[in-house]
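>>> model this:
(6 chains)
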Protein chains: 4
Amino acid sequence: MGFSRARTNEQKQKRIEEVMCATARLYDTVPYEEITFAAIAKEAGFARSNLYIYFTSKEEILLEILVSDLSSWYQNVEASFHVRRSYALEEVMEVWTDALIKNERNLSLLSILFTVLEKNVTVEALTKFKEGLLTVQQKCYQLLQGLFPTASDDALQQFLVSAFALAQGLYPMTRLSEVQLEAIENCTLGYVPPTFRDSYLKACIQLAQGLFVK
Amino acid sequence: MGFSRARTNEQKQKRIEEVMCATARLYDTVPYEEITFAAIAKEAGFARSNLYIYFTSKEEILLEILVSDLSSWYQNVEASFHVRRSYALEEVMEVWTDALIKNERNLSLLSILFTVLEKNVTVEALTKFKEGLLTVQQKCYQLLQGLFPTASDDALQQFLVSAFALAQGLYPMTRLSEVQLEAIENCTLGYVPPTFRDSYLKACIQLAQGLFVK
Amino acid sequence: MGFSRARTNEQKQKRIEEVMCATARLYDTVPYEEITFAAIAKEAGFARSNLYIYFTSKEEILLEILVSDLSSWYQNVEASFHVRRSYALEEVMEVWTDALIKNERNLSLLSILFTVLEKNVTVEALTKFKEGLLTVQQKCYQLLQGLFPTASDDALQQFLVSAFALAQGLYPMTRLSEVQLEAIENCTLGYVPPTFRDSYLKACIQLAQGLFVK
Amino acid sequence: MGFSRARTNEQKQKRIEEVMCATARLYDTVPYEEITFAAIAKEAGFARSNLYIYFTSKEEILLEILVSDLSSWYQNVEASFHVRRSYALEEVMEVWTDALIKNERNLSLLSILFTVLEKNVTVEALTKFKEGLLTVQQKCYQLLQGLFPTASDDALQQFLVSAFALAQGLYPMTRLSEVQLEAIENCTLGYVPPTFRDSYLKACIQLAQGLFVK
DNA sequence: GATGAATGAGTTTTCATTCAT
DNA sequence: CATGAATGAAAACTCATTCAT
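Numbers count the residues shown, from 1 in each chain, chains lettered A, B, ... in the order given. Below you'll find the model as predicted:
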């Protein structure tokens, strides 16, 4: 009962997804350090040692989740532009931003991508991830190229890098834990944490101006 | 007795600095997870249990180091502008950027500030840190106000947030480990990692344009 | 049906030999503890669980290998004496020793036979092995009897036991790992590890003197 | 209650001895693979993690035990010869053999010294052990030199190596487990396991003849 | 105040073995 | 017969933390 063996490739794929789901659920509920193979196994409902068949570290799993999140984010963005007409810069940036906000886990994972996830992973796993990441990045590039045909290649690249870096840096400033909020309240100097949508949108519009400079 | 207490406090302060130095040294040489109370104690040359008198977690120590790094960064920036004359936006941004680059540990710590450091620390320690952080931030604000007197408060705040977020997000994209570099090389799609100075400077100049919009 | 069973038995025998070969290859290349059912299965190229049909522990496999090694060693020795003439004691011992040296794995397995292999094996497997071992031993006895017709039964038995025990004890003293060699070098007291051929030959000649005592 | 902290060096030494005793007790009662840090800790009555302060592997502990056993064996042998007179070869060998038999654990550890213990140990630990081993070996050498003044250096060395190798190889042939005994009984060919004292003594006397050859 | 021995909890990892297919 | 996913158990090891001195 309860547990059928993963025999065919599809079943195996299903197992992998079960692990990813369990990990994602954990990621949404407990702090990062509490995500261990033990916790994932418990959440997924199978033996810890069984996980080793599919993954070799939690970072590997999280990278897999991130690729999937990024892909669906991109599809979201792309879908918003299928109509054949030209868009104002502000419109484009709003779509871009709102698609990001739609999947918070995506933003959250991006925030620790280079500092945590990529630092604790084998070359093989990272190569696989990068392949996926660069694919999305390239699609973004082509999409922007279509939307802003007058922009130079360099400017587009520069925008992409800045827009991602900004998202990665800004997001954790705007999603604060209880402890962080309390600490801010305790401060004598006033501080109002930024809102992601507002700050990111404004900054992106500003950065996007660079696309139209000769 | 008053004298004795002062002497004790001095000694205490000296101890604290020794711990910070040792931790900073470790941070510069070993990966983050390898910084443990055991390692710090060994590096500082005294008993592990002794550390508990001064700090309760490694994050607390790193926050302390970060405040100090940020302060000296700000002093660097400020010192560059003591002359009484007006500066071009590009000039200001270059100084700002180059001062950041001067202390890489500062950038590195900022990159994990909100995602790692602030998440594993007591309210008390975080409050103390935030107090220091906000002080520096306010000084930055005032400095920029002096340099760009026509900019609105909101625009200045928005710039500050974006500029910091960008630094935090961009830096780890540009300082890659061996594994990261190897993974990139393995990829079929080409990818050239951005340079911090170049990308950051360009983006900041772009962001700073927002200071002059009505 | 009888044919089919025969065919099955042949296949089974082939499988067994594949396992033995794979294990022997492993034994020659990796340290003992790294020889696991997982490693053997991988080396042999079939499923781990499949091994359980043929063997129940790695020691069982190694015992099988050892019997085979011992047999071929004995054949080697015997073949050297097929000529109808009498041999000097020294000559006999040289042949005996050189045949041993020819198959190092044999010596290596003998060195752990009583201490490791026989301690981790079922009675059934051990019985089967002992049967093979005693057969070889008896042939040795008869060969020596032929070569030294004046020697008493007791003396021959005593010689055989000593000669084997000596080989088992001496061999590991002469095949040292990197770590062992380094440790020896580090010692303040000088130590030159013995050479197997030289030490064994001399000792055997000495032991064989006992064959001619009344 | 029950457990005072090891503060002074003597107390620390006492702890080390407690660990060694516990390990020795285990060695006498359970098969080798069952001697783990967990088992030793349980036997010694302290926390497993505490063991890591004193030792880093069970082999290290067993080597320590072996040095101690060897030393007491040597003292035993030496003490038997304090009288100022000359001894017959047979007498010497009897003393030598009986001293060996007195400490069975010594013989048992020697039997796995080169094949098991020395293979799973750090260079540092092994160096320390070898230092001790060579010291005993040298004393043996000098003792034999005194007893057999006409023997050449080479012959003495050769004898020592052979005598030790023989002990190491012979002992496990004579101390058989239940399983081993049962397997022998099951065999169609008869086999009577040798007795250590008898076989070793005879072989040693034979080997010692080599001391008087020019 | 400083020390370092001692602890307990926890994680990672691997193995032999089973069992459904 | 053969497979390989799944399991449970256990080993090695490390860390933060406490506590007697």
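>>> what about the helices in chain A?
A:9-29, A:37-44, A:48-54, A:58-79, A:89-102, A:104-112, A:123-147, A:153-174, A:178-186, A:196-209 (DSSP state H).
>>> So which of these is nearest B:L100?
helix A:153-174 (12.9 Å; C-beta to C-beta). Using the backbone N, CA and C atoms, a C-beta is placed for each residue, glycine as well.
>>> mind listing what's buried in that closest one?
Residues of helix A:153-174 classed as buried by neighbour count (16 or more other C-beta atoms under 10 Å in any protein chain shown): A:155-174.
>>> In a markdown table: the helices of chain A, plus distance to chain D and mean pLDDT.
Compiled in a markdown table, the helices of chain A are given as follows (distance: least, C-beta to the nearest C-beta, whole Å; pLDDT from 0 to 100):
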| stretch | distance to chain D | mean pLDDT |
| --- | --- | --- |
| helix A:9-29 | 28 | 90 |
| helix A:37-44 | 19 | 95 |
| helix A:48-54 | 19 | 93 |
| helix A:58-79 | 24 | 95 |
| helix A:89-102 | 46 | 95 |
| helix A:104-112 | 31 | 97 |
| helix A:123-147 | 29 | 95 |
| helix A:153-174 | 35 | 97 |
| helix A:178-186 | 31 | 96 |
| helix A:196-209 | 44 | 97 |
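>>> Could you export those to TSV, including columns for distance to DNA strand F?
Formatted as TSV, the helices of chain A follow (distance: least, C-beta to the nearest atom of the strand, whole Å):
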stretch	distance to DNA strand F
helix A:9-29	5
helix A:37-44	8
helix A:48-54	3
helix A:58-79	15
helix A:89-102	32
helix A:104-112	19
helix A:123-147	17
helix A:153-174	22
helix A:178-186	15
helix A:196-209	32
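>>> Next, format those as CSV and append distance to D:L70.
What follows is the helices of chain A, written out as CSV (distance: least, C-beta to C-beta, whole Å):
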stretch, distance to D:L70
helix A:9-29, 54
helix A:37-44, 45
helix A:48-54, 42
helix A:58-79, 49
helix A:89-102, 71
helix A:104-112, 56
helix A:123-147, 48
helix A:153-174, 62
helix A:178-186, 60
helix A:196-209, 72
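>>> Nearest to D:Y32, out of those helices?
helix A:48-54 (25.5 Å).
>>> tell me what the closest one is packed against?
helix A:9-29, helix A:37-44 (3 or more C-beta pairs under 8 Å, 6 or more residues apart in numbering or on different chains; DSSP states H and E).
>>> Show residues contacting the longest one.
The one in question is helix A:9-29. Helix A:9-29 is contacted from outside by A:4-6, A:34-35, A:39-40, A:43-45, A:51, A:54-55, A:58, A:61-62, A:64-65, A:68, A:105, A:108-109, using C-beta atoms under 8 Å, 6 or more residues apart in numbering or on different chains.
>>> If we use 7 Å, what do you get?
Residues outside helix A:9-29 that contact it (C-beta atoms under 7 Å, 6 or more residues apart in numbering or on different chains): A:6, A:35, A:39-40, A:43-44, A:51, A:54-55, A:58, A:61-62, A:64-65, A:105.
>>> Looking at chain A, which residue is nearest chain B?
Distance from chain B to each residue of chain A (C-beta to the nearest C-beta) is smallest for A:G169, at 3.0 Å.
>>> Go ahead and confirm that residue touches B:Y171.
No. Contact between A:G169 and B:Y171 fails when scored by C-beta atoms under 7 Å: they sit 8.7 Å apart.
>>> what sits against the residue lying closest to A:A203 once chain neighbours are set aside?
Distance criterion C-beta to C-beta, 6 or more residues apart in numbering or on different chains; nearest residue to A:A203, sequence neighbours excluded, is B:S162 at 4.2 Å. Residues in contact with B:S162, defined by C-beta under 7 Å, 6+ apart, are A:166, A:199, A:203, B:207.
>>> Please report the distance of B:S162 from A:L160.
16 Å (C-beta to C-beta, to the nearest Å).
>>> And A:N120, by the same measure?
26 Å.
>>> try A:G132
16 Å.
>>> got it, and A:N50?
Applying C-beta to C-beta, the value for A:N50 to A:L160 is 39 Å.
>>> okay, which residue is most central for chain A?
For chain A, the residue nearest the mean C-alpha position is A:N106 (2.8 Å; C-alpha atoms, centre = their mean).
>>> List the contacts of the closest residue to it other than its chain neighbours.
Here the nearest residue to A:N106 in space, its sequence neighbours aside, is A:D69; by C-beta to C-beta, 6+ apart that works out to 3.8 Å. Contacts here follow C-beta under 7 Å, 6+ apart; on that basis A:D69 touches A:103, A:105-106, A:109.
>>> would a markdown table of the residues you listed with distance to C:T97 be doable?
Below are these laid out as a markdown table (distance: C-beta to C-beta, whole Å):
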| residue | distance to C:T97 |
| --- | --- |
| A:N103 | 75 |
| A:R105 | 71 |
| A:N106 | 72 |
| A:L109 | 67 |
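>>> Is there a quick PyMOL command that grabs whichever of those residues are buried?
In PyMOL, this line selects whichever of the contacts of A:D69 come out buried by 16+ other C-beta under 10 Å:
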select buried, chain A and resi 106+109
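>>> Can you give me every residue that contacts A:L126?
A:118, B:179-180, B:183.
>>> domain parsing for chain A?
In terms of domains, chain A is parsed into A:1-55, A:59-212 (source: automatic domain parsing).
>>> okay, those, which one's buried deepest?
Counting by mean count of other C-beta atoms under 10 Å in any protein chain shown, domain A:59-212 has the highest mean neighbour count of these, with a mean of 18.
>>> Is any residue of that domain near DNA strand E?
No. Domain A:59-212 lies apart from DNA strand E when judged by C-beta under 7 Å from any atom of the strand; the minimum separation is 9.6 Å.
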